[in-house]
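Colleague: Predicted model and sequence follow; I will ask about them next.
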Amino acid sequence: MQTSPSFFHYTHLSEQESVDPMLAISRFCELFPPAAARQTLWLWLSETLAAEDTQYEDAQHRADLLLLYNELLKLLDANYLLSLEKPVNKALIIPL
């Protein structure tokens with residue numbers, strides 16, 4: 001799967017990950033077990049909402065943040081499912 005150059009103005013994906021996004025998904029799943037990823041997201045959310053003098057004092061901004069949080073949880077679950085389904089071509093991985 002290759003995206004057009006206009007799909008992203010900027011991407012954090014390597015050239016190899018742009019060709020095979022499963023490389024990025026698999027790496028993420030290896031680095032962050034599901035419980036750790038969820039715990040980190042919850043910490044970010046709870047700390048952000050508890051902070052004073054932020055844009056999240058506005059109810060709409062809090063709602064937007066909660067929506068993003070819930071959608072990120074869905075993406076995390078989808079990533080872990082995808083990482084279990086499709087084997088990664090280890091020959092394409094370049095160590096960091």
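Modeller: On my side now, so go ahead.

Colleague: how many neighbours does Leu84 have?
Modeller: The burial count assigned to Leu84 is 10, neighbours taken as other Cβ atoms under 10 Å. All C-beta atoms are positioned from the backbone trio N, CA, C, and that covers glycine.

Colleague: low pLDDT regions in the protein?
Modeller: Judged by pLDDT under 70, the chain has its weakly predicted residues at 1-8, 86-96.

Colleague: where do the helices sit along it?
Modeller: Counting by DSSP state H, residue ranges of the helices within the chain are 15-19, 22-31, 34-50, 59-85.

Colleague: For the shortest one, C-alpha coordinates in CSV please.
Modeller: Spelled out, that is helix 15-19. In CSV, the C-alpha atoms belonging to helix 15-19 read as follows (Å, rounded to 0.1, in the frame of the first residue of the first chain):
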residue,chain,number,x,y,z
GLU,A,15,10.1,5.0,3.8
GLN,A,16,9.7,1.3,4.6
GLU,A,17,6.8,2.0,7.0
SER,A,18,5.1,4.1,4.3
VAL,A,19,5.2,1.1,2.0
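
Colleague: Quick check: buried residues in it?
Modeller: By 16 or more other Cβ atoms under 10 Å, the buried positions in helix 15-19 come out as 17-18.

Colleague: how far does it sit from the chain's center?
Modeller: What separates the centre of helix 15-19 from the centre of its chain is 16 Å, taken as Cα atoms, centre = their mean, to the nearest Å.

Colleague: For stretch 78-87, output the C-alpha coordinates as PDB.
Modeller: What follows is the C-alpha trace of stretch 78-87 in PDB, where atoms were taken according to Å, rounded to 0.1, in the frame of the first residue of the first chain:
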ATOM      1  CA  ALA A  78      -7.300  -2.400  16.200                       C
ATOM      2  CA  ASN A  79      -3.500  -2.100  16.000                       C
ATOM      3  CA  TYR A  80      -3.100  -5.000  18.400                       C
ATOM      4  CA  LEU A  81      -5.600  -7.100  16.400                       C
ATOM      5  CA  LEU A  82      -3.800  -6.300  13.100                       C
ATOM      6  CA  SER A  83      -0.400  -7.100  14.600                       C
ATOM      7  CA  LEU A  84      -1.600 -10.500  15.500                       C
ATOM      8  CA  GLU A  85      -3.100 -11.200  12.100                       C
ATOM      9  CA  LYS A  86      -0.400 -10.200   9.600                       C
ATOM     10  CA  PRO A  87       3.200 -11.400  10.000                       C
END
